[in-house]
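Participant: Following is a predicted model, sequence given first.
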Amino acid sequence: MRSFKNTLAHFLPVLGYLIATLPAMGASQVIDAAKAGVIGDGTTLNTISIQKAIDDCSTAGGGTITFPAGRYLTGTIQIKGNVTLRLEENATLLGSTNVADYRNLDPFIDGSGHPLGHALIVAVDAANVGLEGPGTVDGQSPKLKAAEASYTMRPFLVRWVRCTNVTVRDVHLTNPGAWTLNFFQTKGAVIEGVTIRSRDLGMQNNDGINLDSSENIQIRNCDVISGDDALVIKSTSLATPSRNIQAVDCKLSTRTNAIKLGTESIGGFANISVSDCQITNTKMAGIALYAVDGGDLRDVTISNITMDGVIVPISIRLGARLKTFREGEQPRLAPGKLTNITIKNVTAKNIEMIGLLINGVPGYPVQALTLENIQLELPGGGTAAAAKLVLAEKETAYPEFDMFGKTMPAYGIYARHVNGLNLQGVRITTLKADARPATVLTDVTNLTQTDFASEAVKAP
């Protein structure tokens, strides 16, 4: 009952918003893209004809533009108000391999300092818009990269900028130049049944589902295999936190982090729930919560998560990088709060480094962190020399699971600068003997341990 009430509490603000923003029911047109002059032969560039169909549809009051089976080559297209693109079975929108065919309608700098913003499909300041399957959007990024001497223009696949009431459903997204599915300052969206494939493309920033300074978002039943973070929530706008977000029933696999809040975090995060997700073959953290630019990260619940193949199951960092991301904004002057976080019902195996890595900075502790029913199976094999390591603080560094190094002084939990750590039903086992302690707790106050157990060698 408690779990249901918590889920309901997270969901109600989202549900209320979506109901309030639903468009009025009425007749809407259905336009066959092929009959509107769009050619699906895979070689004809359709940017102008697709854009004209979108513009005409929006001007006439909106509707759905359907793409029958075919391969439709295009550069940047902009979805306008009250328009949904529908890709039927065996219909593919193909991204152009000519950089001149892309536009950047909202340029910005990402957390690593790279200029970004170009996109294949983009909507700006639009309401009641969408993209539906069962067809495919293919950015053809390997071919685009091969055609560009220095791969600096890396277009997102699908981008929603300051939109309201967005639906992305049942579509297959692949081969993005940068982030696959991005929402910036968007209010009200449903992302359901989406499949993303962007791993091993040999490029940077291939995030799967990427939310930035957005609110009232529902993510359901998505399958993401990504080159960069699979499900990531950012906050690059000083006055616009990411909040009222719920993700359920997703499969996540990535070369980096599976579920991540941060790195970009100036605006903060609130009222976020992620549950019933499967994480596999992930090369950084399964769950990463990073607040380093002065915004608060609060009221987050992550539950019912299975992991098989991660470097670190849970990585938490409150830091003091204090970076800005939008032109004209001033940095915050001090770290925010990382508080009221509950992570429960998590099982993880095939872990490479440590179970739980939790760090605040001196004077700014992580607060009110509950870890409940956590079961971790670790490799063991740590040495007595490793147990003596003292980790640097690195208050202003870019946050990542390995920011303190890849050898830890504990095999289970390393926690530092925490006020209010509640461990309930935490079980840690190792596959080999380990000379390090199960836990290292430094500057940890208000510690509660109930039914905590560690076993240095797992029984055969």
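Facilitator: It's in.
Participant: so V161 makes contact with D106?
Facilitator: Yes - V161 lies in contact with D106 (CB atoms under 8 Å); the separation is 4.7 Å. For the C-beta atoms, the positions are set from N, CA and C on the backbone; glycine is no exception.
Participant: any common contacting residues for these two?
Facilitator: Jointly contacting V161 and D106 under the rule CB atoms under 8 Å, 6 or more residues apart in numbering are 122, 124, 184.
Participant: Where neighbours are concerned, which of the residues you listed has the most?
Facilitator: In terms of neighbours by other CB atoms under 10 Å, these top out with V122 at 26 neighbours.
Participant: Just to be sure, which of the shared contacts of V161 and D106 are found in helices?
Facilitator: Residues of those located in helices (DSSP state H): none.
Participant: between the residues you listed, which is nearest Y151?
Facilitator: V122 (19.9 Å; CB to CB).
Participant: Low-confidence regions, the stretch 51-200 of the chain specifically.
Facilitator: Counting by pLDDT under 70, the stretch 51-200 of the chain shows low-confidence ranges at 111.
Participant: can you pull out the helices in it?
Facilitator: Under the criterion DSSP state H, counting those that start in this stretch, the stretch 51-200 of the chain carries helices at the ranges 141-146.
Participant: Quick check, I374 in contact with I351.
Facilitator: No - in this structure I374 lies outside contact range of I351 using CB under 8 Å: 11.9 Å.
Participant: of the two, who's got more company?
Facilitator: I374 (25 against 22).
Participant: What distance do you get for that one to A433?
Facilitator: I374 sits 22 Å away from A433, going by CB to CB, to the nearest Å.
Participant: what about the stretch 251-400 of the chain, any weak spots by pLDDT?
Facilitator: Across the stretch 251-400 of the chain, nothing is flagged by pLDDT under 70.
Participant: Swap in 90 and give it another go.
Facilitator: Filtered on pLDDT under 90, the stretch 251-400 of the chain yields the residue ranges 325-329.
Participant: which parts of stretch 55-72 are buried?
Facilitator: Neighbour-count burial for stretch 55-72, counted by 16 or more other CB atoms under 10 Å, picks out 56-58, 62-68, 70-72.
Participant: The strand or helix carrying N271 pairs with which strands?
Facilitator: Using DSSP states H and E, N271 sits in strand 269-280. Applying DSSP bridges, strand 269-280 is found paired with strand 242-248 (parallel), strand 251-254 (parallel), strand 297-310 (parallel).
Participant: partner strands of the helix or strand that comes right after it, parallel or antiparallel?
Facilitator: Going down the chain from strand 269-280, the next helix or strand is strand 285-291, by DSSP H and E. Next to strand 285-291 in the sheet, as set by DSSP bridges, lie strand 259-265 (parallel), strand 312-318 (parallel).
Participant: among those strands, which is nearest V224?
Facilitator: The nearest among the strands paired with strand 285-291, by CB to CB, is strand 259-265 at 10.4 Å.
Participant: Okay, buried residues for that closest one please.
Facilitator: For strand 259-265, a neighbour-count test (16+ other CB under 10 Å) marks 259-265 as buried.
Participant: okay if I get these as JSON lines plus distance to I219?
Facilitator: Below are the buried residues of strand 259-265 laid out as JSON lines (distance: CB to CB, whole Å):
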{"residue": "I259", "distance to I219": "11"}
{"residue": "K260", "distance to I219": "14"}
{"residue": "L261", "distance to I219": "14"}
{"residue": "G262", "distance to I219": "18"}
{"residue": "T263", "distance to I219": "20"}
{"residue": "E264", "distance to I219": "19"}
{"residue": "S265", "distance to I219": "19"}
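Participant: any chance of the strands paired with strand 269-280 in CSV, plus distance to L391 and mean neighbour count?
Facilitator: Listed next are those as CSV, based on distance: least, CB to CB, whole Å; neighbours: other CB atoms under 10 Å:
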stretch, distance to L391, mean neighbour count
strand 242-248, 29, 24
strand 251-254, 25, 24
strand 297-310, 20, 22
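Participant: Can I get those in TSV including distance to V426?
Facilitator: Compiled in TSV, the strands paired with strand 269-280 are given as follows (distance: least, CB to CB, whole Å):
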stretch	distance to V426
strand 242-248	24
strand 251-254	23
strand 297-310	14
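Participant: and A230, which of the ones you listed is closest to it?
Facilitator: That would be strand 251-254 among those, by CB to CB, at 4.0 Å.
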